[in-house]
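K.L.:
Sharing a model that was predicted from the sequence below.
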Protein chains: 2
Amino acid sequence: MERSSDIGVQRKTLNDIAKHAGVSRATVSLVLRQSPRVAVATRQRVQSSISALGYVYDRAAANMRTRSTQTIGLLVCEITNPFYAELTAGIDDALDRAGWVAFLANTAESPARQDRFIARMREHRVDGLLLAPAEGTDPKIIDDLRAAGVPVIQMLRRLGKRNADQVSADFRLGMTLAAEHLIRLGHKRIAFVGSGRRASPASDRALAYRETLSRYGLPIGPIVNCLPTREEGARAVAELMRGEASDPTAVLCYNDICAFGVLLGLADRGLVAGRDCAVIGFDNIAEAALYRPALTTIAIDARRLGEEAANLLLHRIKAPHGPPESIVLAPKLIIRSSCGGKPTHH
Amino acid sequence: MERSSDIGVQRKTLNDIAKHAGVSRATVSLVLRQSPRVAVATRQRVQSSISALGYVYDRAAANMRTRSTQTIGLLVCEITNPFYAELTAGIDDALDRAGWVAFLANTAESPARQDRFIARMREHRVDGLLLAPAEGTDPKIIDDLRAAGVPVIQMLRRLGKRNADQVSADFRLGMTLAAEHLIRLGHKRIAFVGSGRRASPASDRALAYRETLSRYGLPIGPIVNCLPTREEGARAVAELMRGEASDPTAVLCYNDICAFGVLLGLADRGLVAGRDCAVIGFDNIAEAALYRPALTTIAIDARRLGEEAANLLLHRIKAPHGPPESIVLAPKLIIRSSCGGKPTHH
DNA sequence: CGGTGTAATTAGATCGATCTAACAAGAAAG
DNA sequence: CTTTCTTGTTAGATCGATCTAATTACACCG
């Protein structure tokens, strides 16, 4: 009894097609690569053999000669963070358009895990890497990869000082916009929640907070360290709000997740954000518009950022010796209800 | 001037190592694969040559002979959905432990895009596929892949009726638990929001809703179609709550996202979930615990589900002819505040 | 009619690993 | 001393494509 659906059927090769179509292996290869040097009649004959035999192109074999795999490695510091999920979706979009595929690695903020994945991806001969570095990443890996001839695009977090290919957003400008918004609304005691992170996006934001407040002659602080989780954000409120007259009237947060935590913390203490205290987040993740009160925040277009990063990497792979490029997206203030007043966005 | 950090350095090969260590290519290969048939002295000599020359193993070349790539394809219907992001993290974890890597594709619920990615992954010779199918996926693709000898694990959504390898959760039981909870609380008019989806997890939930209500002799409906977005969930409330005495007193939702939408819709109409209306979600995504009111929901352990799926696929790749396995995780009712009463979880 | 140019096709080497089967050297057995 | 066995090593074929350089077929031209 023949079982056509059985597993382990021999995969067809170029030789099988060649024999079936009565041409040489080389000609079939030319057809596959849409070479114009093949006669129309031959091309058609080959193409019908290909579909008759159900041939599947073996890119891995082809890669051996061409020395390129049309494959990249994507290293994300935390895929369960909606911002990075959106970034990933943007990357995936751009790669799909170009016909490439990505190996995914969720490093979960572990540099050791990141190293392991990078090694594994290099063994698979990826043509390049997109790196949203885990916290505590040794900047040396950029040099190592460069020495090995592996193009890398840094996303969001800067490693080391040297100029390299990177895609990011202007976090300082973003936080400045946020602070100025609060100052325009008349706030004088503005707190900052979330300075605890070492990575560059965090230090950029904390810096802009200090700079802007001092530029307007306002007192700096209180500043509360806080990991980007809602639990921590809620806990931070306990440190900020002591029921005294000197309590802050507004809070700038490291990101939306922290801000949600702060909103929770306020609600749990019977305070209403937007009335008793102004709160601003950062990132504009999807939930920001859909929370109540809706969160005023700084929008970073994560999907667009992903697309730019993927395109820059593909460009760099084509032109490995070109000068480093740095793409910095502009942030945008999105006014909703968490600072009171009339929202311009829902 | 020598530039050691220049791009495009020739990659070292087995032959280079062999020459450097004064042995044959075959011996180096044996060392790399930790064969016990190599003398200790030789092994050490080879190993020091390997690190001296900075050799990087070329798995792609090795794959040509071994006919296995230690690579799988992961197709996710929507990576920006936190449930699937969590699932992805679980898969990544399990693969990391095994030393494998995954190609990621975010199909964004597009079957055409899914087909494209599957073809591309097959060209890259993945050893198997993890498929969280896009809505509207043709069940035939499972047969096609089986005929081609590509192991596939279906995740969450069932395709066709035949028994195949799959990992899912008991959605009927989950929705039954949710409905019975509301019934225990004394609700008589229980609505359902989100029946619009065609995929099996949706129909399972809708079915369990009907079954349970009729089992307890309660009227079925109203039922409101609703895509799993907050906007749609909020819109659904307008259809449900007409300010009449016959308005439902409780709402079962397709998933947490819908439920958040319903909470928003209620809030926008001045109604308080847990007091004026009970709401239950499904999935227990991270936000569920951190919303106010905290959402009562059915927990599905997405990370665990991902790990199980990855492990089952690795098992199936080792034993392609084994009988199909079906792993079904048990759901759990998580009581918080959105149905009133004392919450057991925060 | 032989020579030239162009278009279409192909044989054979090649990418970098693994696999097979054979071989060399020394120990153990007869 | 020869035979057999064991241990360690290796030459050469192989995986399935691409690339190079050569070959064929045929039209065109002087």
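P.N.:
Happy to help now that I have it. Here the structure is a predicted model, which is why all the values come from computation and not from measurement.
K.L.:
Backbone dihedrals for residue A:170, please?
P.N.:
In terms of degrees, to the nearest 10, the main-chain angles of residue A:170 are phi -80, psi 90.
K.L.:
Surely it is in contact with residue A:332?
P.N.:
No - Residue A:170 is beyond contact range of residue A:332, at 10.5 Å (criterion: CB atoms under 8 Å). The way it works is simple: take the backbone N, C-alpha and C, and place the C-beta from them, glycine included.
K.L.:
which stretch of helix or strand covers the spatially closest residue to residue A:22 that is not a sequence neighbour?
P.N.:
Leaving aside its chain neighbours, residue A:22 sits nearest to residue A:45 (7.5 Å; criterion: CB to CB, 6 or more residues apart in numbering or on different chains). Residue A:45 is part of helix A:40-53 when elements are defined by DSSP states H and E.
K.L.:
Is there any residue in that helix that contacts DNA strand C?
P.N.:
Yes - for helix A:40-53 and DNA strand C, the contact criterion (CB under 7 Å from any atom of the strand) is met by A:41-42.
K.L.:
Skip ahead from that helix and say which helix or strand is next.
P.N.:
The helix or strand immediately downstream of helix A:40-53 is helix A:59-66, counting by DSSP H and E.
K.L.:
now that next one and helix B:59-66, what's the angle there?
P.N.:
120 degrees (axes from the mean of the first three to the mean of the last three CA atoms, to 10 degrees).
K.L.:
Can you list the neighbours in contact with helix A:59-66?
P.N.:
Outside helix A:59-66, the residues that touch it by CB atoms under 8 Å, 6 or more residues apart in numbering or on different chains are A:69-70, A:125, B:60-61, B:63-64, B:69, B:123-125.
K.L.:
Mind listing what's buried along that helix?
P.N.:
A:59-60, A:62-63 (16 or more other CB atoms under 10 Å in any protein chain shown).
K.L.:
and residue A:128, what are its bridge partners?
P.N.:
residue A:72 (DSSP bridges).
K.L.:
Am I right that residue A:137 is in a strand?
P.N.:
No - using DSSP: H, G, I helix; E, B strand; the rest coil, the assignment for residue A:137 is coil, not a strand.
K.L.:
Enumerate every residue touching residue A:304.
P.N.:
Contacts here follow CB under 8 Å, 6+ apart; on that basis residue A:304 touches A:90, A:329.
K.L.:
In the stretch 1-150 of chain A, where is pLDDT below threshold?
P.N.:
A:1-9 (pLDDT under 70).
K.L.:
would you list every one of the strands in it?
P.N.:
Per DSSP state E, counting those that start in this stretch, the stretch 1-150 of chain A carries strands over the ranges A:71-76, A:101-106, A:128-131.
K.L.:
List of residues touching the second one?
P.N.:
By that I understand strand A:101-106. Applying CB under 8 Å, 6+ apart, the set of residues contacting strand A:101-106 is A:70-76, A:78-80, A:88, A:91-92, A:95, A:113-114, A:117, A:121, A:124, A:126, A:130, B:71, B:74, B:88-89, B:92-93, B:96, B:101-105, B:117, B:120-121, B:124.
K.L.:
hmm, try it at 6 Å
P.N.:
For strand A:101-106, the external contacting residues (CB atoms under 6 Å, 6 or more residues apart in numbering or on different chains) are A:71-76, A:79, A:95, A:117, A:121, B:89, B:92, B:101-104, B:120.
K.L.:
How about the first one?
P.N.:
For strand A:71-76, the surrounding residues in contact (CB under 6 Å, 6+ apart) are A:84, A:101-107, A:114, A:121, A:126-132.
K.L.:
Please put the alpha-carbon coordinates of it into CSV.
P.N.:
Extracted as CSV, the C-alpha positions of strand A:71-76 are listed here (Å, rounded to 0.1, in the frame of the first residue of the first chain):
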residue,chain,number,x,y,z
THR,A,71,18.9,35.9,7.2
ILE,A,72,19.4,38.2,10.1
GLY,A,73,19.4,37.8,13.9
LEU,A,74,17.1,39.9,16.0
LEU,A,75,18.0,40.2,19.7
VAL,A,76,15.3,41.8,21.8
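K.L.:
Could you tell me the angle between it and helix A:59-66?
P.N.:
Using the same axes, to 10 degrees: strand A:71-76 against helix A:59-66 is 110 degrees.
K.L.:
the inter-axis angle of strand A:71-76 versus strand A:101-106?
P.N.:
In terms of direction (the same axes, to 10 degrees), strand A:71-76 departs from strand A:101-106 by 20 degrees.
K.L.:
Just want to check the distance between the closest residue to chain B within chain A and residue A:120.
P.N.:
At 3.6 Å from chain B, residue A:104 is the closest residue in chain A, using CB to the nearest CB. Taking CB to CB, to the nearest Å as the measure, residue A:104 and residue A:120 are separated by 12 Å.
K.L.:
I'm done for today, thanks for sticking with me.
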